[in-house]
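Colleague: please work out how this folds:
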Amino acid sequence: MPIAGEGWVTALDHEQVELLAIGAGPANLALAVAIEEMAPADFADKTVILEQHDNIVWQRGMLLPWTQSQVSFLKDLVTMRNPCSRFSFVNFLHSTGTLHDFINMASFLPFRLEISNYLEWVAQSLSRVEVRYGRRCERIEAIRSDDDVITGWLVWLSDGSAIAARTLVIGAGRDPHIPEAFGDLPRERVIHSTEYSARIGQLDPAAPHRIAVVGAAQSAAEMLWETHQRMPAAECSMIMRAIGLEYYQTSKFTNERYFPSFTDSFYSARPENRQRVLQEMRRTNYAGVTPELLNTIYRQMYLERLTGTQRLRMVSAVDVASARIEGDDVVLDLVDRIGGLNDELRCDVVLLGTGFERSLPALVRNVAALVGVERFVVSRAYRAVMPPGVTANCYFQGTNEESHGIADSLISILAIRAGEIVNDLLASRPAEQSLAAAAAAAG
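Modeller: Predicted coordinates:
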């Protein structure tokens, strides 16, 4: 049976919803909470979130038991928008009987495992918005009216079913970045950080592996340390273009650039100024390691040199020109960025802490192709500005750094952004739906 606003879909037997969100990560869970708290019941009841996995796990590939968030627990899915919400992290701690223990830790920074458990708790606590697990989006098609206007989206799933929606929200994250040099290596010899937790267990922890970790930021440092501790006979080399590991370049002043209020200033700036600010801000998030972990790694290297048992090695200021299999070895061809000399490093497995592609995810490119544009302009409210002949809505979460600032892909602004999207959604609802909601509320 068609949803309110009959006529936007024609000749379809598929399930129809008002809003379909792809990916049940922090961004879309924050949106789900905002919808339950701010939107009419008829809207929330017809909102569905698709999650490709069978459960919700935050940073699934790097959910290591000792890792902590670098963001205050107060920047959860809702507190910055609605401090009284039942979906807050504090209420999660209270509900699970861990509030006193967390307070006694005297830290603003929860363990990553706690954040992951919190996200799962939020999903289970939703009363109107539905989260569906094990549903992977394979492709998106445009729904067209008789006069060729795109009025909605048809999302095809891996099980062969499809769901029609007037509004689509894509919050599935960016694609992993695999540098070209490693593209021809067998999959069993390369592990990206997004797969680390799932695949590192396939290696014998007692074997004398030679491990090469590529990258110089937090994820690379975490894989280096976890592998070193997990495999007491392994030799672990960290390979980086930088001249050495650095602390996160943060201060209370630069952290103000992660405030939701800074988004307004950034969005209204000239494109060339945005690029300059982004370049400066990347040092505060993408090119550093927490002081605690950096100091831990350095102390371990110092101790190993002192005792003659060195297993940790830093190879800095080099480019990996190519990688190949030679016999049973993975051979990395290195070029010194200072002296220009060539060298090689032989290893068994390469761990990639190389982050994510800056290009837009495939799903976003898919939608752009459907409406005939090469790249979307995104409104301040995170809605794609559609060309003439398109009445369907599409919102993007986590892919708007160039227009909304570096915090767009981080937890810091989730709660506020979710509220902005819901306000925009409600303001743009078709008139017949708004009238129906008002009549239902009047009873």
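Colleague: which parts of the longest helix anywhere in the chain are buried?
Modeller: Longest helix in the chain, counting residues (DSSP state H): helix 291-307. In terms of neighbour count (16 or more other CB atoms under 10 Å), helix 291-307 has its buried residues at L293, L294, I297, Q300, M301. Every C-beta, even on glycine, is put in place using the N, C-alpha and C of the backbone.
Colleague: same check on stretch 88-101?
Modeller: Buried, per 16+ other CB under 10 Å, within stretch 88-101: S88, F89, V90, N91, F92, L93.
Colleague: over to stretch 45-64?
Modeller: Buried residues in stretch 45-64, defined by neighbour count with 16+ other CB under 10 Å: 45-51, 56-64.
Colleague: what is the end-to-end distance of that stretch?
Modeller: Criterion CA to CA, to the nearest Å; first-to-last residue distance in stretch 45-64 is 36 Å.
Colleague: pLDDT (mean, whole number) over it?
Modeller: Stretch 45-64 shows a mean pLDDT of 94 in the predicted model.
Colleague: now the strands for the stretch 301-443 of the chain?
Modeller: 312-315, 318-326, 329-336, 342-347, 349-352, 393-396 (DSSP state E, counting those that start in this stretch).
Colleague: whoops, the stretch 151-300 of the chain was the one
Modeller: Taking DSSP E, counting those that start in this stretch as the test, the strands found in the stretch 151-300 of the chain are 162-170, 190-192, 210-214, 235-239.
Colleague: what strands flank the shortest one, and is each parallel or antiparallel?
Modeller: Take DSSP bridges as the rule and strand 190-192 pairs in its sheet with strand 349-352 (parallel).
Colleague: swap in the last one?
Modeller: The partner list of strand 235-239 in its sheet, established with DSSP bridges, is strand 210-214 (parallel), strand 312-315 (parallel).
Colleague: among the buried residues of stretch 45-64, which lie within strands?
Modeller: T47, V48, I49, L50, E51 (DSSP state E).
Colleague: quick check: chain neighbours aside, which residue is closest to the fourth one?
Modeller: Among residues not flanking L50 along the chain, R135 sits closest, at 4.4 Å (CB to CB, 6 or more residues apart in numbering).
Colleague: okay but the one you found is in contact with L157, surely?
Modeller: Yes: taking CB atoms under 8 Å as the definition, R135 is a contact partner of L157 at 5.3 Å.
Colleague: give me the common contacts of the two.
Modeller: Shared contacts of R135 and L157, defined by CB atoms under 8 Å, 6 or more residues apart in numbering, comprise L50.
Colleague: show me which of these two is the more surrounded one.
Modeller: Between R135 and L157, counted using other CB atoms under 10 Å, the more crowded position is R135 (20 against 17).
Colleague: out of everything not next to it in sequence, what's closest to Q275?
Modeller: In space, Q275 is closest to E402, 7.7 Å off (CB to CB, 6+ apart).
Colleague: equivalent analysis for L345, please.
Modeller: If the residues on either side of it in the chain are set aside, L345 comes closest to L332, at 4.6 Å by CB to CB, 6+ apart.
Colleague: now swap in E256 and tell me
Modeller: Excluding the flanking residues, the one nearest E256 by CB to CB, 6+ apart is F262, at 6.7 Å.
Colleague: any idea of the pLDDT on the one you found?
Modeller: 90.
Colleague: wait, it sits on T254?
Modeller: No: with contact defined as CB under 8 Å, F262 does not reach T254; the gap is 10.7 Å.
Colleague: so which of the two has more stuff around it?
Modeller: Taking other CB under 10 Å, F262 and T254 do not tie; F262 has more neighbours (19 against 15).
Colleague: quick one: contacts for that one?
Modeller: E256, G405, A407.
Colleague: most neighbours among those, which one is it?
Modeller: G405 (26 neighbours).
Colleague: got the phi/psi numbers for it?
Modeller: When read as degrees, to the nearest 10, the backbone of G405 gives phi 100, psi 170.
Colleague: so who does the closest residue to it other than its chain neighbours touch?
Modeller: Distances taken as CB to CB, 6+ apart place F266 nearest to G405, at 4.0 Å, with adjacent residues excluded. F266 makes contacts with R274, V277, S403, H404, G405, as judged by CB under 8 Å, 6+ apart.
Colleague: burial of Y133, as a residue count?
Modeller: The local packing of Y133 (other CB under 10 Å) involves 14 other residues.
Colleague: phi, psi of it?
Modeller: Listed backbone geometry of Y133 is phi -100, psi 160, with angles given as degrees, to the nearest 10.
Colleague: that one contacts H53, correct?
Modeller: Yes: judged on CB under 8 Å, Y133 makes contact with H53 at a distance of 6.8 Å.
Colleague: quick check, nearest of the contacts of F266 to A30?
Modeller: H404 (15.1 Å; CB to CB).
Colleague: which non-adjacent residue is nearest the closest one?
Modeller: For H404, ignoring the flanking residues on the chain, the nearest one in space by CB to CB, 6+ apart is T263 at 5.3 Å.
Colleague: how close does G201 get to M301?
Modeller: Distance, G201 to M301, using CB to CB, to the nearest Å: 25 Å.
Colleague: all helices of the stretch 1-150 of the chain, in order?
Modeller: 26-38, 41-44, 89-95, 99-105, 112-125 (DSSP state H, counting those that start in this stretch).
Colleague: take those helices and write them to CSV, including distance to S428.
Modeller: Converted to CSV, these look like this (distance: least, CB to CB, whole Å):
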stretch, distance to S428
helix 26-38, 14
helix 41-44, 12
helix 89-95, 31
helix 99-105, 40
helix 112-125, 26
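Colleague: of all these, which lies closest to D175?
Modeller: helix 26-38 (15.9 Å).
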